[in-house]
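S.K.: Fold the following for me, if possible:
(2 chains)
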Amino acid sequence: MSPSAAPSKKKVVLVTKFAVRDHEMVPDHVLLTPEEGVEVLKAFNIVAPQLPKIHINDPAAKEIGAKVGDIIKIVRKSTTAKHSVFYRLVID
Amino acid sequence: MSLSEKDILEKLEGIDLPPSIKEAMQMGLKGVEVSSKQLDEIVSQVSSDYQHSRVEPCEAVGVVAAQSIGEPGTQMTMRTFHYAGVAEINVTLGLPRLIEIVDARKIPSTPTMTIKLNQDYAHDRDLAREVAWAIESSSILHLGSIATDLAEMNVIIELNPSALEQRKITAEEVATRLKEETGLPVDQKENLLVMAPEEPSYRELLQLVEKIKRLSLKGVEGIKRVVIRKEGDEYILYTEGSSLKRVMQFDGVDPDRIKTNNINEIGEVLGIEAARNAIINEATDTLREQGLSVDVRHIMLVADIMTVDGELKQIGRHGVSGEKASVLARAAFEVTVNHILDAAIRGDVDDLKGVTENVIVGQPIQLGTGDVTLVASKR
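M.R.: Predicted coordinates for the structure are as follows:
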């Protein structure tokens, strides 16, 4: 009964765990650096709270390790434009 | 002098147009001899056409979307139950389904999943059936019969050996499951199980029977039925009942292609962006099934507004319409008195920026010609 036995077993479960990003309905989520975020806001001439939101515990946001205040770039597959870019602000 | 394909590609890379249009231009220019000047002309023509086709700023896209979805909606059947496949699983379709989607209901009236299998399982009927049996929830009624003996004050369960074999569960497993769930001792003799309630009363006895009947002995709780269908060259499972998170973990199930018609469940398991896609897919499928075609852009707008805040909001009193900034716009929608009364108590201010509130007070709305103001410079 070594204490290390249990965590290693848990790790196996984590590895085989399904990744949300692989699902066909989930578009690519890219975490932007603060500098990139500022650039996006400048391009649209808005402040961060005016962006659409995404929750911090959203499975897709969680997977890329987003923190509150980060901006996530989402590259959606679109039937009209092939792919379109969308931004969401991570909120609590 | 004509340009090479590479030059054209480079030129197209740099211009600000949607990828689909660029691709179409690239296809059109393939093998065509164009000079640099001609290409510039083509690009400028396409760009100006594209600019023309765009929605103008301040256009009331919401109203256009509402009418574009609403009008075909009047032609939809009021109550349709369609059987997916050959009289197998029924799913709500038509107008009730469309309403369900925009209402962002927690649980749809007929939850179903479409389970695609991974490469090793998808082409083998026996393997597909094995997955189906593993997922389908089995209750005691599937496995045998249950009866009460009022003289002995006990419950007698008689298991059917062929049903046990088909569902790949043994009498011992059934006995242990029952013991776990009820906390009562189970007396097992081959395929005959006998259980007695803690206290020998009729009420307890009947309650025990009900409880045993409801128990899911094997499979995923809530998956009442699984149907296998062959589509193309792969076998696909359709279920009655939905439990995305648990079904994903089964061997043979392809977790990347599994689908459910429960949009809230998708939001929880796969995130808000997947939920947005689900709204678009479900709404277009519902409309298409009725032979109606609505431009996706209208549906995309609805899906966007339902998901902007990072959570699924319904179009209605408890969602989008109920959260409008303007008091008058909210009052014009539903529960008029409450909104005006609350606004009066709080001392709310209406900025009269939207359409509804300006119509109410009788001034031009800020759209089209109402949006422009003339500014003259003083001499």
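S.K.: Closest to the centroid, which residue in the chain?
M.R.: No chain specified, so I'll use chain A. A:A61 (3.0 Å; Cα atoms, centre = their mean).
S.K.: Actually, chain B is the one I wanted.
M.R.: Note: chain B centre (Cα atoms, centre = their mean) maps to B:I263, 3.1 Å.
S.K.: Would you agree that one is in contact with B:A104?
M.R.: Yes. Judged on Cβ atoms under 8 Å, B:I263 makes contact with B:A104 at a distance of 6.7 Å. Where you see a C-beta, it was placed from the backbone N, CA and C, and this is true even at glycine.
S.K.: Could you name every residue contacting both of the two?
M.R.: B:L312 (Cβ atoms under 8 Å, 6 or more residues apart in numbering or on different chains).
S.K.: Surely the residue nearest to the centre of chain A touches A:L89?
M.R.: No. If you go by Cβ under 8 Å, A:A61 and A:L89 don't touch, sitting 10.4 Å apart.
S.K.: if I look at those two, which residues touch both of them?
M.R.: With Cβ under 8 Å, 6+ apart, A:A61 and A:L89 have common neighbours A:I54, A:I72.
S.K.: in the chain, which helix or strand is least confident?
M.R.: Going with chain A. Within chain A, no helix or strand scores below helix A:5-16, which has a mean of 39 by mean pLDDT, DSSP states H and E.
S.K.: Chain B is the one I meant
M.R.: strand B:80-84 (a mean of 57).
S.K.: Give the partner strands of the helix or strand following that strand in its sheet and their orientations.
M.R.: Beyond strand B:80-84 on the C-terminal side, the first helix or strand identified by DSSP states H and E is strand B:89-93. According to DSSP bridges, strand B:89-93 forms sheet pairs with strand B:80-84 (antiparallel).
S.K.: okay, now B:G14: neighbour count?
M.R.: Using other Cβ atoms under 10 Å in any protein chain shown, B:G14 is surrounded by 7 other residues.
S.K.: whoops, I mixed them up, B:A325
M.R.: What B:A325 shows, counting by other Cβ under 10 Å, is a neighbour count of 12.
S.K.: From B:E357, how far off is it?
M.R.: 10 Å (Cβ to Cβ, to the nearest Å).
S.K.: Any residues of chain A in contact with chain B? List them.
M.R.: With Cβ under 8 Å from any Cβ of the partner chain as the criterion, chain A comes near chain B at residues A:18, A:20, A:22-27, A:29, A:52-55, A:58-61, A:74, A:76, A:78-84, A:88, A:91.
S.K.: Just the buried residues from those residues, in PyMOL please.
M.R.: Restricted to buried positions by 16 or more other Cβ atoms under 10 Å in any protein chain shown, the PyMOL selection for the residues of chain A next to chain B reads:
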select buried, chain A and resi 18+20+23+25+26+27+29+52+53+54+55+58+59+60+61+74+76+78+84+88+91
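S.K.: and the residues of chain A next to chain B, which of them are in helices?
M.R.: A:P59, A:A60, A:A61 (DSSP state H).
S.K.: Where do the helices of the stretch 51-200 of chain B begin and end?
M.R.: B:61-74, B:95-102, B:119-122, B:125-135, B:140-143, B:161-166, B:171-182 (DSSP state H, counting those that start in this stretch).
S.K.: from the ones you listed, which stretch is densest packed?
M.R.: helix B:95-102 (a mean of 20; mean count of other Cβ atoms under 10 Å in any protein chain shown).
S.K.: Who are the packing partners of that one?
M.R.: When contacts are defined as 3 or more Cβ pairs under 8 Å, 6 or more residues apart in numbering or on different chains; DSSP states H and E, helix B:95-102 packs onto helix B:61-74, helix B:272-289.
S.K.: contacting residues around it?
M.R.: B:69, B:73, B:76-80, B:91-92, B:108-109, B:263, B:279, B:282-283, B:286-287, B:302, B:306, B:314-316.
S.K.: Buried only: go through the residues you listed for me.
M.R.: For the contacts of helix B:95-102, buried by 16+ other Cβ under 10 Å: B:69, B:73, B:76, B:80, B:91-92, B:108, B:263, B:279, B:282-283, B:286-287, B:302, B:306, B:314-315.
S.K.: what about the residue nearest to the residue nearest to the centre of chain B when sequence neighbours are not counted, neighbour count?
M.R.: Spatially, and ignoring its direct neighbours in sequence, B:I263 is nearest to B:A278 (4.8 Å; Cβ to Cβ, 6 or more residues apart in numbering or on different chains). Residues lying near B:A278 (other Cβ under 10 Å) number 25.
S.K.: Alpha carbons only: can I get stretch B:329-344 in PDB?
M.R.: The C-alpha trace of stretch B:329-344 is given here as PDB (Å, rounded to 0.1, in the frame of the first residue of the first chain):
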ATOM      1  CA  ALA B 329     -38.500  47.700 -24.800                       C
ATOM      2  CA  ARG B 330     -38.800  45.100 -22.000                       C
ATOM      3  CA  ALA B 331     -42.300  46.400 -21.100                       C
ATOM      4  CA  ALA B 332     -43.300  46.100 -24.700                       C
ATOM      5  CA  PHE B 333     -42.500  42.400 -24.800                       C
ATOM      6  CA  GLU B 334     -44.100  40.700 -21.800                       C
ATOM      7  CA  VAL B 335     -45.300  41.400 -18.200                       C
ATOM      8  CA  THR B 336     -45.600  45.100 -19.000                       C
ATOM      9  CA  VAL B 337     -46.800  46.300 -15.600                       C
ATOM     10  CA  ASN B 338     -44.000  44.600 -13.600                       C
ATOM     11  CA  HIS B 339     -41.300  46.100 -15.700                       C
ATOM     12  CA  ILE B 340     -42.600  49.700 -15.500                       C
ATOM     13  CA  LEU B 341     -43.400  49.400 -11.800                       C
ATOM     14  CA  ASP B 342     -39.800  48.100 -11.000                       C
ATOM     15  CA  ALA B 343     -38.300  50.800 -13.200                       C
ATOM     16  CA  ALA B 344     -40.300  53.400 -11.400                       C
END
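S.K.: Now do the contacts for B:G144.
M.R.: B:I157, B:E158, B:L159, B:N160, B:A163, B:L164, B:N191.
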